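Q: Using only what follows, build the 3D model:
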Amino acid sequence: MMKRFFLSMMSLAVAFGVFAQTQQEGFKDLVDGRVDKAQTIFEGLVAKEPANAEYNYWLGQVYLVQAQLHRTDTWRDKAKELYSKAMAATAQNPLLVVAQAQIELLEGKATEAKAH
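A: Residues are numbered from 1 along each chain as shown. Now for the predicted structure:
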């Protein structure tokens with residue numbers, strides 16, 4: 001009985017370690033300029049846990065970097081849509097409120113951004 005309990009706890013610890021490592025890898029890829037790889041990682045994480053504010057925040061940041069790289073508003077619009085959906089799912093998480101204010105600043109809406 002104790003052996004089974006120990007094995008199940010070890011399996012759970014390994015599963016959480018792999019999951020957390022993936023988020024760290026996505027962040028590292030973003031910082032190191034591997035934006036497409038970071039996008040793939042964070043899109044996968046958001047697909048698994050759509051209500052996780054951190055995953056949504058970092059995926060939106062990836063989209064904003066893509067907007068700068070490709071000089072197109074399409075990516076910024078994707079980030080704005082992502083943040084709006086995440087705000088509804090996470091009940092006004094402060095991290096997402098800041099992200100939404102960032103989008104408003106990029107759109108030149110300083111008054112709305114200050115309100116957030």
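Q: Return the per-residue confidence for Q92.
A: On pLDDT, Q92 comes in at 80.
Q: Tell me which helix or strand it sits in.
A: Assigned by DSSP states H and E, Q92 belongs to neither a helix nor a strand.
Q: How about L96?
A: Going by DSSP H and E, L96 is part of helix 94-106.
Q: what distance separates whatever helix or strand comes next after that helix from the middle of the whole chain?
A: Downstream of helix 94-106, the first helix or strand assigned by DSSP H and E is helix 110-115. Between the centre of helix 110-115 and the centre of its chain there are 23 Å (Cα atoms, centre = their mean, to the nearest Å).
Q: any idea what sits nearest L64, other than its immediate chain neighbours?
A: Counting by Cβ to Cβ, 6 or more residues apart in numbering, the nearest residue to L64 once its immediate chain neighbours are dropped is A79, at 5.2 Å. No exception for glycine: its C-beta is placed from N, CA and C like everyone else's.
Q: count of neighbours near the one you found?
A: Here the count is done by other Cβ atoms under 10 Å, and A79 has 25 residues near it.
Q: Who are the contact partners of it?
A: Contact partners of A79, counting by Cβ atoms under 8 Å, 6 or more residues apart in numbering, are 60-61, 63-64, 67, 99, 103.
Q: so which of these comes closest to I41?
A: Using Cβ to Cβ, Q61 comes nearest to I41 of the contacts of A79, at 12.5 Å.
Q: can you tell me which residues contact the closest one?
A: 30, 79, 99.
Q: Quickly find the element holding the second one.
A: By that I understand A79. Going by DSSP H and E, A79 is in helix 73-90.
Q: and if you look at the first one?
A: Counting by DSSP H and E, the element that carries L30 is helix 2-31.
Q: now the residue nearest to Y55 when sequence neighbours are not counted: how far from K114?
A: Excluding its sequence neighbours, the residue lying closest to Y55 (Cβ to Cβ, 6+ apart) is L45, at 4.4 Å. Going from L45 to K114 by Cβ to Cβ, to the nearest Å gives 31 Å.
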